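Enquirer: build me a model:
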Amino acid sequence: MSKIDDLIAQYCPEGVEWKPLKVVCKDFIVPMRDRPKVFDGDIPWCRIEDKEGQYFNKSKSGLCVSEEMVKQMNLKIFPTGTVICSCSASLGSYAINSRPLITNQTFIGLVCGEDLYNKYLLYFMETQTNDLVKLATTGTIPYISRKKFEELIIPIPPLPVQEEIVSVLDKFTALEAELEVELEARTRQYEYYRNQLLSFEGAAVEWKALGEVGEFIRGKRFVRTDMVEDGFPCIHYGEMYTHYNIYATESKSFIRAEQAGKLRKAKKGDVVIVAAGETIDDIGKATAWLGESEVVTHDACFTFRSSLNPKFVAYFSRTKLFHNQIKKHISSGKISAINSKGLEKAKIPIPPIEEQERIVAILDKFDALVNDISTGLPAEIQARRQQYEYYRGKLLTFEPLSA
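Expert: Numbering: from 1, shown residues only. Here you go, the predicted model:
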């Protein structure tokens, strides 16, 4: 980092000026709330799932709109090089687009002025997540307004300093990206074997509808403002996408005990299935609840109670076979959802309990390879991430300009 120290000594020995984003950004792009009516063009419409590392390159699901639809709905196009920041559900996600595109309303686009390097802004924004969360409105879905982004204060060293900082941090992220590529390959291998093991192709296994082998219990509504630091364990439906994998032994969130007494709960051995999401691909993912206590579940989730191995059910919920069965029962709109009747119709293989346990043991090993942050690739990626965050913090800390 001696080169950065030299550049600071050369260009800003008296400190760095801090300015609000509205001064150094030439535009703030707030997407329209309405989803495009037709996808028949070549301008990508992107969601958080389309983010690839630090970039938005395309819509992985092929959702693209035409220029005619852009004009008809007055959709906002992000020009190439925009710093795209999550301002809603997935707070803390930042990326730069490599081509003109459109996003859904969970993002805001920051277009840099001539004194601000977009990659430098992206790295700085990564350090602001905790502060942004505090600025967000409370409610079912947090939200940060354009005005709050405009008022965010950022250090603006001269461009040569910004560029050198980016050069150093890019080396850290490149190493992490290599590990991510390897992890992705392992993940694809894991998903292949999971689909194979749970298809029972050619095997003499009975298949039954989920409604025949268990019952679905819908959770009851509560909002994020009901959640507290300490209380009765709860699972909000949004956490099913961000915090939970195949199984959970403890909750990430809590609700007041007196309120929990009025809500529905999952018991140890139940399977919590998310029943609402932004797209149909989000629906149906399940988590086996293996905690010793009960846990309150949100009304956008169902608890499935049966005599099947709960982790066996949770693994099956991640297969293409399961999702292909439930897709036709999912209603789509501003939010996609499925009811218990739709879930009950999906069929699941019913091998003997010993075979369920054997399959779970095999898949647990694969799952640990790609998801366990204490071992293997996830642990190495975590170590790289911590090293990167340490140096990012040091490089982006500046003394304010002397008066």
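Enquirer: could you use CA atoms for every contact and neighbour count after this?
Expert: Will do.
Enquirer: please identify the buried residues of stretch 332-346?
Expert: Using 16 or more other CA atoms under 10 Å as the test for burial, stretch 332-346 gives 336, 337, 338, 339, 340, 342, 343, 344, 345, 346.
Enquirer: could you export that stretch as CSV, CA atoms only?
Expert: Output in CSV follows, covering the C-alpha atoms of stretch 332-346 (Å, rounded to 0.1, in the frame of the first residue of the first chain):
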residue,chain,number,x,y,z
SER,A,332,-48.3,-15.0,-10.1
GLY,A,333,-48.7,-11.3,-9.7
LYS,A,334,-46.8,-8.6,-7.8
ILE,A,335,-45.9,-11.6,-5.6
SER,A,336,-46.0,-15.3,-6.4
ALA,A,337,-47.7,-17.6,-4.0
ILE,A,338,-49.0,-21.2,-3.5
ASN,A,339,-51.7,-22.5,-1.1
SER,A,340,-51.8,-25.7,0.8
LYS,A,341,-54.0,-27.4,-1.8
GLY,A,342,-51.3,-26.9,-4.4
LEU,A,343,-48.5,-28.2,-2.1
GLU,A,344,-50.6,-31.2,-1.1
LYS,A,345,-50.8,-32.4,-4.7
ALA,A,346,-47.0,-32.7,-5.1
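Enquirer: could I get the average pLDDT for that stretch?
Expert: Averaged across stretch 332-346, pLDDT comes to 90.
Enquirer: so how far is that stretch from its chain's centroid?
Expert: Here stretch 332-346 is found 21 Å from its chain centre; the criterion is CA atoms, centre = their mean, to the nearest Å.
Enquirer: contacts for that stretch?
Expert: For stretch 332-346, the external contacting residues (CA atoms under 8 Å, 6 or more residues apart in numbering) are 35, 209-212, 216, 218, 275-280, 283, 302, 322, 325-326, 329-331.
Enquirer: next helix or strand past the one helix or strand residue 360 maps to?
Expert: Using DSSP states H and E, residue 360 sits within helix 353-371. Next helix or strand after helix 353-371 toward the C-terminus (DSSP H and E): helix 376-395.
Enquirer: that following helix: which residues count as buried?
Expert: 377, 378, 379, 381, 384, 388, 389, 392, 395.
Enquirer: cool, stretch 137-150 as well?
Expert: Within stretch 137-150, the residues that count as buried by 16+ other CA under 10 Å are 142, 143, 144, 146, 149, 150.
Enquirer: closest to residue 243 out of these?
Expert: Ranked by distance to residue 243 (CA to CA), those are led by residue 142 at 16.8 Å.
Enquirer: now render the buried residues of stretch 332-346 as CSV, adding secondary structure and distance to residue 102.
Expert: Formatted as CSV, the buried residues of stretch 332-346 follow (DSSP: H, G, I helix; E, B strand; the rest coil; distance: CA to CA, whole Å):
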residue, secondary structure, distance to residue 102
336, strand, 20
337, strand, 24
338, coil, 27
339, coil, 31
340, helix, 34
342, helix, 32
343, helix, 33
344, helix, 37
345, helix, 36
346, coil, 35
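Enquirer: ok, the residues you listed vs residue 192, which is closest?
Expert: residue 346 (20.7 Å).
Enquirer: look up how far residue 126 lies from the closest one.
Expert: Here the criterion is CA to CA, to the nearest Å. By it, residue 346 lies 41 Å from residue 126.
Enquirer: next structured bit after whichever strand or helix holds residue 95?
Expert: Residue 95 belongs to strand 94-97 when assigned by DSSP H and E. Per DSSP H and E, the first helix or strand lying C-terminal to strand 94-97 is strand 102-103.
Enquirer: show me what that next one is packed up against.
Expert: Under the contact definition 3 or more CA pairs under 8 Å, 6 or more residues apart in numbering; DSSP states H and E, strand 102-103 sits against strand 43-46.
Enquirer: return the distance of the strand it packs on from the chain's centre.
Expert: Centroid separation for strand 43-46 versus its chain: 18 Å, with CA atoms, centre = their mean.
Enquirer: quick one: contacts of the next helix or strand after it?
Expert: Per DSSP H and E, the first helix or strand lying C-terminal to strand 43-46 is strand 51-52. Strand 51-52 is contacted from outside by 57, 95, using CA under 8 Å, 6+ apart.
Enquirer: sheet-wise, list the partners of whatever helix or strand comes next after strand 51-52 with their directions.
Expert: Per DSSP H and E, the first helix or strand lying C-terminal to strand 51-52 is strand 55-56. Strand 55-56 pairs in its sheet with strand 51-52 (antiparallel), strand 94-97 (parallel), by DSSP bridges.
Enquirer: low pLDDT regions in the stretch 251-400 of the chain?
Expert: 373-374, 376 (pLDDT under 70).
Enquirer: picking up where we left off before, in CSV, list the buried residues of stretch 332-346 along with distance to residue 239.
Expert: Shown next, in CSV, are the buried residues of stretch 332-346 (distance: CA to CA, whole Å):
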residue, distance to residue 239
336, 16
337, 16
338, 18
339, 19
340, 20
342, 22
343, 20
344, 23
345, 25
346, 24
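Enquirer: give the contact list for residue 226.
Expert: Shown in contact with residue 226 (CA under 8 Å, 6+ apart): 255, 256.
Enquirer: separation between it and residue 259?
Expert: Per CA to CA, residue 226 is found 9 Å from residue 259.
Enquirer: kindly provide the distance from residue 111 to residue 117.
Expert: 10 Å.
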